[in-house]
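K.L.:
Fold the following.
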Amino acid sequence: QVQLVESGGGLVQAGDSLKLSCAASGRTFSSYTMGWFRQAPGKERNIVATISGSGAQRYYAGSVKGRFTIARDNAKNTVTLEMASLKPDDTAVYYCAANRGVGLVVDPGRMDYWGKGTLVTVSS
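P.N.:
Just a heads-up that it's a prediction; the model follows:
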């Protein structure tokens, strides 16, 4: 069982930066693929970025590539999402998620554990 707790959301202006963090419980954090997903009001939950257990592989959604950076610290059981050049379209609840398997995961239906989410609001 893995428990995930997100932090770092808030209200920012367009063009600002923000860093989200996700703290995970458990002793096998490095064996999990981790991902950040987001869900805007009235829309589906979609992948933002995902990172393999070792951190060697990363995937970004096209809408955030070049602006967002996912990273993990397996010694501290944390995964972060650094967001730059934020746009109003980035407004959503951001969720941290974990998958027990090997390899990158972009389908939210395949994630095994979820945090409760943190709200990011970007004003124009």
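
K.L.:
what number of residues lie near the closest residue to residue 24 other than its chain neighbours?
P.N.:
Leaving aside its sequence neighbours, residue 24 sits nearest to residue 77 (C-beta to C-beta, 6 or more residues apart in numbering; 4.6 Å). For every residue, glycine as well, the C-beta is placed using N, CA and C. Residues within reach of residue 77, counting by other C-beta atoms under 10 Å, total 19.

K.L.:
My read is that residue 77 contacts residue 22, right?
P.N.:
No: at 9.2 Å, residue 77 does not count as touching residue 22 under the criterion of C-beta atoms under 8 Å.

K.L.:
still on that earlier bit, ok, the residue nearest to residue 24 - contacts?
P.N.:
Counting by C-beta atoms under 8 Å, 6 or more residues apart in numbering, residue 77 makes contact with 23-26, 29.

K.L.:
Return the distance of it relative to residue 93.
P.N.:
Counting by C-beta to C-beta, to the nearest Å, the gap from residue 77 to residue 93 is 22 Å.

K.L.:
Look at residue 100 and report its pLDDT.
P.N.:
On pLDDT, residue 100 comes in at 92.

K.L.:
so what's it up against?
P.N.:
By C-beta under 8 Å, 6+ apart, the contact list for residue 100 reads 31-32, 112.
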